[in-house]
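**Q** whatever this is, show me its structure:
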Amino acid sequence: MEDPASTPSSSSSQYISTGENNWTLVHHSRNNPRHNVTQFGNASVPSYDCLVKNIPDRMLNVCCMTWNVNEKPATILKTIGNFLDKKRTATALEDIVAIAIQEIPPQNRSFHEEALSVIEPLILATHTIYFSHRAWSQMLMIFIAKPHLRYAIDEPSVKFIPCKAVAKPIRTKGSIGVCFKVYQRIFVVVASHFSHSSIKNRMANYHKMVQSLKFPSLLYVTDAKNDRMFAADVILWMGDLNFRLSGGSLVLKNVLPNPNDALIYDELTQQMRQGNIFIDFREARIQFPPTHKLESNSNNYVVGKIPSYTDRVLYWASNFDNISPIEYSCLKEETLSDHRPVFCCFKVVALHNPIPREHFGRVRCSVQDDDEPGPSISMRI
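**A** Down below sits the predicted model:
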């Protein structure tokens, strides 16, 4: 059933209501008849010339951002939009941008559209929304640079897993998982909001997600015999994981003058080192101060609360030679939320090997738009 609210500006996108407080948007880019050779998921098979133009180093740059907005209106996302716009104009915005939002205002049924209307215009010159999913009080958006969009599968697989057996209409914690393929690389992006109550519950949340996040499409694009997310090439996991700093008053005394020393008390770091959680995942080195809990419109932490690294980005790969973190940090300007936005940028190998020209036979590039050349390939028999 289509959501009766207004649709995004792109005529090839629409929101589909999959249940109360759940909406999915997918950008359909395969409306051009020039793309006459496709792979699984109706993604175009690129010609050699297009590969050289789009990804001459075989790499895709990926940026993951996560922010708990503390039930503030979508206008707060201008902070993220301005950050992405500055990256786009100063150097270059990453090829894939994934944004996870937690604690969406529960009564705002149009937040998912308002969020897109805030961010999309700031990066519209180079990027297009590829996928967006809202599940209760969480949201995941993925933007892809226009030259790469046609080489992503047409409809990514998405699944939402609540932390508890029954989803509640207010602040439902859980994870949105999406599986998609770009060029030769299969991604799973997970956006989570875990329990704030106890470390035991947070650990249980993680293990439930690992067992429950399955994507049937993985059976068709890999040699795996199951559809668990670890059949993908790369997993990017981000969100408000709610892991805290243990140590009570000792931490409170030491963490503010020396925020980087706080990691020795970090629950998530401790449990990962013990092999109890996020097994075989990695995290780039944290060199920024704790991102929670901040006073509104201030860079000060709430008095009496132990600051914590609740907001994280972790990654896993079937071959870690195919991914490397480039920058892991947070936005430090004052905001209305009690969390800071956190981001991590990666380089991901998107092609296994350079493609020899002879494998493509005779290549005829039918170019109607210089920004988005469409390959027409005559395969050699």
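**Q** poorly predicted segments of this structure, please.
**A** Along the chain, the model assigns pLDDT under 70 to residues 1-20, 28-44, 167-171, 221-224, 248-260, 353-381.
**Q** could you redo the last one with a cut-off of 80?
**A** Within the chain, the ranges that satisfy pLDDT under 80 run 1-21, 27-53, 165-171, 220-226, 247-262, 352-381.
**Q** determine which residue lies closest to the centroid of it.
**A** Closest to where the C-alpha atoms of the chain average out (Cα atoms, centre = their mean) is Ala98, at 3.2 Å.
**Q** where's that one relative to Arg202, distance?
**A** Noted for Ala98: a distance of 22 Å to Arg202, by Cβ to Cβ, to the nearest Å. Every C-beta, even on glycine, is put in place using the N, C-alpha and C of the backbone.
**Q** then Ile264?
**A** Spatial separation of Ile264 from Arg202 under the definition Cβ to Cβ is 19 Å.
**Q** and what of Ser132?
**A** With the distance defined as Cβ to Cβ, Ser132 ends up 26 Å from Arg202.
**Q** so between those two, which is more surrounded?
**A** More neighbours surround Ser132 than the other of Ser132 and Arg202, with 26 against 23 (other Cβ atoms under 10 Å).
**Q** would you mark the buried spots in stretch 95-112?
**A** Neighbour-count burial for stretch 95-112, counted by 16 or more other Cβ atoms under 10 Å, picks out 95-104, 106, 111-112.
**Q** out of the residues you listed, flag the one nearest to Thr24.
**A** Each of the buried residues of stretch 95-112 was scored against Thr24 by Cβ to Cβ, and His112 proved nearest at 9.3 Å.
**Q** quick check: that closest one is in a strand.
**A** No. Residue assignment for His112, taken from DSSP: H, G, I helix; E, B strand; the rest coil, gives helix, which places it outside any strand.
**Q** now do it against Thr75, distance only.
**A** Remark: distance between His112 and Thr75 (Cβ to Cβ) = 14 Å.
**Q** picking that back up, and the two most separated of the buried residues of stretch 95-112?
**A** Distance extremes for the buried residues of stretch 95-112: the farthest pair is Asp95 and Pro106 at 33.6 Å, using Cβ to Cβ.
**Q** ok, Met139 touching Ala98?
**A** No. In this structure, Met139 is not within contact of Ala98 by Cβ atoms under 8 Å, at 11.2 Å.
**Q** between the two, which contacts overlap?
**A** Residues within reach of Met139 and of Ala98 at once, by Cβ atoms under 8 Å, 6 or more residues apart in numbering, are Ala191.
**Q** before we move on, the earlier item: what's in contact with the helix or strand harbouring the residue nearest to the centre of the chain?
**A** In this structure, Ala98 is located in strand 96-102 according to DSSP states H and E. Among residues not part of strand 96-102, those counted as contacts by Cβ under 8 Å, 6+ apart are 60-69, 77, 80, 84, 115, 119, 123, 127, 137-145, 148, 176, 182, 187, 189, 191-193, 236, 238-240.
**Q** restrict those residues to the buried ones and give me that as a PyMOL selection.
**A** Here is the PyMOL command that picks out the buried ones among the contacts of strand 96-102, judged by 16+ other Cβ under 10 Å:
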select buried, resi 60+61+62+63+64+65+66+67+68+69+77+80+84+115+119+123+127+137+138+139+140+141+142+143+144+145+148+176+182+187+189+191+192+193+236+238+239+240
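**Q** could you pull out the helices in the stretch 51-200 of the chain for me?
**A** With helices called from DSSP state H, counting those that start in this stretch, the stretch 51-200 of the chain shows them at 78-90, 111-123, 146-149, 199-212.
**Q** which strands and helices lie in contact with the last one?
**A** Contact analysis of helix 199-212 by 3 or more Cβ pairs under 8 Å, 6 or more residues apart in numbering; DSSP states H and E lists strand 157-162, strand 174-182, strand 185-193, helix 267-273 as its packing neighbours.
**Q** which of those sits closest to Glu334?
**A** Using Cβ to Cβ as the criterion, the shortest distance between Glu334 and these is 23.1 Å, found for strand 185-193.
**Q** quick one: strands adjacent to the closest one?
**A** In the sheet containing strand 185-193, the strands it pairs with under DSSP bridges are strand 174-182 (antiparallel), strand 234-240 (parallel).
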